[in-house]
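Asker: when you get a sec, could you give me coordinates for this:
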Amino acid sequence: MGKLTKNQKKALELYDSTKAYTMEEAAKIVKEITFAKFDSSVDIDVKLGVDPRKADQMVRGVVTLPNGVGKEVRVLVLCTPEKEEEAKAAGADYVGLDDYIKKIEGGWVDVDVIITMPTVMAKVGRLGRVLGPRSLMPNPKSGTVTMDVGKAVTEVKAGKIDFKVDKTGIIHASIGKVSFEPKMLEQNALEMLNTIAKLKPASAKGTYFRSISLSSTMSKGISIDKSSIAGS
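Answerer: As a prediction, this is how the structure comes out:
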């Protein structure tokens, strides 16, 4: 290992990387060991005892974080003209259809969430190669393909996020910002874990929560003591 920076040394004095902490402790530590000049995201990584290659062990879902994610979520609604007013009134940043489909085909993806309607999904489906790799493809399971576009926009703006296990069995999600109070980070993390716990596939064998860690964009991961989490 190379020479440690002053901040890395300071971080090592504040916590023990070989120890597992409660979520309450970790929420405080992640704030103390992040020395970035910007308001870093705080992320949770949950390694699950599932085989994501098996369809019946694919864990994906949605959760509304009680304290939001701490950033302005830019929402595009691809809808027919009669739904445009509803989408705008709910706070959508961009509303339209053919013009935005053309923009996306041209490489424009300056949004965080795309919401659409079942009736125009055939048009939106063509954007798969652009939106798929960026996890922006609307999906009925995550509530982003719906006739109730106004409600979907409101929920996303209030802190609703969708997540899914990656091919290595890990769920990685942003649950707030370093500027959040520790209690807010703890509440968001526990809501996320409760939601994942409810989604445990019947066919998953052995330990479901293999490991849980909390980190910021600029910090190392802090291991969470699984026995301190109800239901794990």
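Asker: pLDDT below threshold where in this protein?
Answerer: For the chain, applying pLDDT under 70 flags the ranges 1-4, 11-12, 230-232.
Asker: quick check: longest helix in it by residues?
Answerer: If you go by DSSP state H, the chain has its longest helix at helix 182-198.
Asker: and that one, how far out from the chain's middle?
Answerer: Counting by CA atoms, centre = their mean, to the nearest Å, helix 182-198 is centred 12 Å from the centre of its parent chain.
Asker: buried residues in it?
Answerer: 182, 184, 185, 186, 187, 188, 189, 190, 191, 192, 193, 196 (16 or more other CB atoms under 10 Å). The way it works is simple: take the backbone N, C-alpha and C, and place the C-beta from them, glycine included.
Asker: show me where this protein has its helices.
Answerer: Using DSSP H, helices in the chain cover 6-14, 23-32, 84-89, 98-105, 121-125, 128-131, 149-157, 182-198.
Asker: report the contact partners of residue 33.
Answerer: With contact taken as CB atoms under 8 Å, 6 or more residues apart in numbering, residue 33 is in contact with 10, 11, 14, 15, 216, 219, 220, 222.
Asker: surely the fifth one touches residue 43?
Answerer: Yes. With contact taken as CB atoms under 8 Å, residue 216 and residue 43 are classed as touching, separated by 7.2 Å.
Asker: so for the two, which residue has more residues nearby?
Answerer: residue 216 (24 against 19; other CB atoms under 10 Å).
Asker: relative to residue 171, how far out is that one?
Answerer: The gap separating residue 216 from residue 171 is 17 Å, by CB to CB, to the nearest Å.
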